[in-house]
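[1] structure for the following, please:
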Amino acid sequence: MAWFLDQMQLSEQVQILDVGGRVSFWNELSQKVKLLDIVNVEGDRSSLTPIVSRPWMRIGYGNALDLDFKDKSYDLVFSNSVIEHVQTWENQVKFAKEADRVGKALWVQTPAREFFIEPHYIAPFIHWVPIPLRRKLVRWVTIWGWMERPSQQRVDEVIAEIRLLSFKEFQSLFPGCEILRESFLGIFTKSYIAVRRPLGKQEEDVVPESSSAQDHRSFSTTSA
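    Residues are numbered from 1 along each chain as shown. All right, here's what the predicted structure looks like:
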């Protein structure tokens, strides 16, 4: 979080869209922001819901491949370790285009395929193994397999869901961005971050709504 804030130099008027994130991730946010919307596919489709203890934070439904927001409606689109979960290269292209369309600035992070430890299975080298062999090994040679004891169906679902990106692939998805490298032990690159920094101080825009929202759209309140 500290590196993110240092790199982006956000103003207190910034409006952020977190695609695929969780409220708990932002517990360490030390800076005041104007608005933080967090959207997920399992969110409430009817509205973006403010949180009681943090009214500047809202949660709701959002499909990363088809975001229901107007072009450049957020000062920053943020996403942490989500783009590798959308199954296919074609979906990753859609993800990148939607993030670029909706956000004036970007911060999109993903684990590096070149890093020798696969972070979802918590095991070395398993992501470099051909899928037919990986299907047989995941339950027996990874910490995830030992802890979760997944069925073969669950193993297949996870393998189909996760597609790690190489540096060249990630760079091609975000051609207008700087690609930062997060290192492990100062030697190995463990993740990539596509960054497009804000151009000066954010304007005091209106609060973003989904592009299909109506004037009478209601906002309920919940706690988290």
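[2] the residue nearest the centre of the chain pairs with what?
    Note on the chain: the residue nearest the mean C-alpha position is residue 79, at 2.5 Å, using CA atoms, centre = their mean. Here residue 79 sits in beta bridges with residue 108, as judged by DSSP bridges.
[3] thought it was touching residue 25?
    No: here residue 79 does not reach residue 25: they are 10.9 Å apart, not a contact under CB atoms under 8 Å. All C-beta atoms are positioned from the backbone trio N, CA, C, and that covers glycine.
[4] which residues are common contacts for these two?
    Counting by CB atoms under 8 Å, 6 or more residues apart in numbering, the shared contacts of residue 79 and residue 25 are residue 18.
[5] now the residue nearest to the centre of the chain: how far from residue 44?
    20 Å (CB to CB, to the nearest Å).
[6] which strands and helices lie in contact with the helix of greatest length in the chain?
    Taking DSSP state H as the assignment, the helix of the chain that covers the most residues is helix 89-102. Counting contacts by 3 or more CB pairs under 8 Å, 6 or more residues apart in numbering; DSSP states H and E, helix 89-102 is packed against strand 15-19, strand 74-80, strand 103-111, helix 167-173.
[7] wait, residue 12 touches residue 31, no?
    Yes: counting by CB under 8 Å, residue 31 is a contact partner of residue 12 at 7.4 Å.
[8] pLDDT of the helix or strand that contains residue 6, averaged?
    Counting by DSSP states H and E, the element that carries residue 6 is helix 2-8. Averaged over helix 2-8, pLDDT sits at 87.
[9] that helix packs against which elements?
    Against helix 2-8 (3+ CB pairs under 8 Å, 6+ apart) you get strand 103-111.
[10] which parts of stretch 122-136 are buried?
    The neighbour-count check on stretch 122-136 (16 or more other CB atoms under 10 Å) flags 123, 126, 127, 134 as buried.
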